[in-house]
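A.B. asks: any chance you can model this:
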Amino acid sequence: MSKLQTWTSVSTEVAKWAQENKVASSKAESLLELLESMLAPKVSSSQHPPKEIDGRMYYFCRFHQTYYEQDKMVMSNGKSKGYCKAAIAKWNKTNAEIKKLNADAVEALANGDVEKAKKITKQAQELSAVFNKPEFYNAEEDWANFKA
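C.D. replies: Residues are numbered from 1 along each chain as shown. Purely as a prediction, here's the structure:
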């Protein structure tokens, strides 16, 4: 089963389950958005193929939604991974922050502070819901904060 078929099947089943179990539409939408960020197929290179301009290759960054020269992209075996170095640096930093928030929530829960754990978990969930979306990224800021 392809990634697209898997995502289509999962999203259909979750939507059906949410309707059958009378889950509030806003909660069902949030759940589907979270699942989409984890399971939906990413933009393929065929939708944004590499471009050659003046003898230089440019590749599409799915986070910044723009093309960059090869030296600014994350490459593997001569192929673009689909994101630039600045965007993946922000992604890695945000992912580490999410992991830390989750660990802090577990610690708060272990210490009996349920309200604090809920608050921290909510922060982690909010970050998790957006950090794979292009809207979370700002090319100018990301490159300014990027340290090679």
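A.B. asks: wasn't W17 part of a helix?
C.D. replies: Yes. With DSSP: H, G, I helix; E, B strand; the rest coil as the criterion, W17 is part of a helix.
A.B. asks: phi, psi for the closest residue to it other than its chain neighbours please.
C.D. replies: The shortest distance from W17 to any non-neighbouring residue, by CB to CB, 6 or more residues apart in numbering, is to V23 (7.8 Å). In this view, the C-beta of every residue, glycine as well, is placed from N, C-alpha and C. With angles defined as degrees, to the nearest 10, V23 sits at phi -80, psi 140.
A.B. asks: can you report how many residues lie near V23?
C.D. replies: 16 (other CB atoms under 10 Å).
A.B. asks: ok, what's across the strand from the spatially closest residue to C84 that is not a sequence neighbour?
C.D. replies: Spatial nearest neighbour of C84, chain neighbours left out: C61 (4.2 Å); criterion: CB to CB, 6+ apart. Counting by DSSP bridges, C61 is bridged to T66.
A.B. asks: what strand or helix carries the closest residue to M1 other than its chain neighbours?
C.D. replies: Nearest residue to M1, sequence neighbours excluded (CB to CB, 6+ apart): S9, at 7.5 Å. Element membership for S9, per DSSP states H and E: helix 3-20.
A.B. asks: you'd agree F146 is up against N92?
C.D. replies: No. Using CB atoms under 8 Å, F146 is not in contact with N92, being 11.2 Å away.
A.B. asks: report the longest helix in this protein, please.
C.D. replies: Across the chain, the longest stretch assigned as helix under DSSP state H is helix 85-110.
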